[in-house]
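Undergrad: need the 3D shape of this:
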Amino acid sequence: MAVTLKLGAPVLQAITDGIEQVHIAKAATLGDALKELENQYPGIAGHLYDANGELKSTYDVYINDKAIDPVTLSAKICDGDEVAITMFFCFPRS
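TA: Next up is the predicted model:
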């Protein structure tokens with residue numbers, strides 16, 4: 001079973017040619033999933049990470065509809081999880 005990345009940020013969809021959902025075969029952490037996303041879509045990392053190698057603060061991350069706060073690349077994910085990445089100004093923060 002795979003992990004599904006839902007890309008709600010238009011800047012990321014521009015890199016994936018409009019694809020909003022990407023399936024990742026195997027990942028144990030958010031960081032693993034994002035590395036595989038970079039493998040599938042080279043160049044996307046430049047839009048994801050800040051100068052320190054952390055996910056840019058403009059993104060919100062949800063795992064199975066639960067907000068991850070603070071966002072950390074070491075957040076655990078499991079087979080079948082849905083990970084949504086949105087820009088915080090796209091949707092109101094709760």
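
Undergrad: where is the longest helix in the chain?
TA: In terms of residue count, the longest helix belonging to the chain (DSSP state H) is helix 30-40.

Undergrad: you'd agree Gly46 is in a helix?
TA: Yes. Remark: Gly46 belongs to a helix, assigned using DSSP: H, G, I helix; E, B strand; the rest coil.

Undergrad: check the closest residue to Glu36 other than its chain neighbours and give its pLDDT.
TA: Residue nearest to Glu36 in three dimensions, not counting chain neighbours: Ile24, with 4.7 Å by Cβ to Cβ, 6 or more residues apart in numbering. Every C-beta, even on glycine, is put in place using the N, C-alpha and C of the backbone. Looking at Ile24, its pLDDT reads 95.

Undergrad: show me where pLDDT drops low in this structure?
TA: Under the criterion pLDDT under 70, the flagged ranges of the chain are 1, 89-94.

Undergrad: do a quick rundown of the strands in it.
TA: Counting by DSSP state E, the segments of the chain that form strands are 3-7, 21-24, 59-63, 66-67, 82-87.

Undergrad: circling back to that earlier point, got a list of what the residue nearest to Glu36 touches?
TA: With contact set as Cβ atoms under 8 Å, 6 or more residues apart in numbering, Ile24 has these partners: 2-5, 33, 36-37.

Undergrad: tally of neighbours for Ser57?
TA: Each residue near Ser57 was counted by other Cβ atoms under 10 Å, and the total is 10.

Undergrad: what of Ala14?
TA: Other residues within reach of Ala14, judged by other Cβ under 10 Å, total 12.
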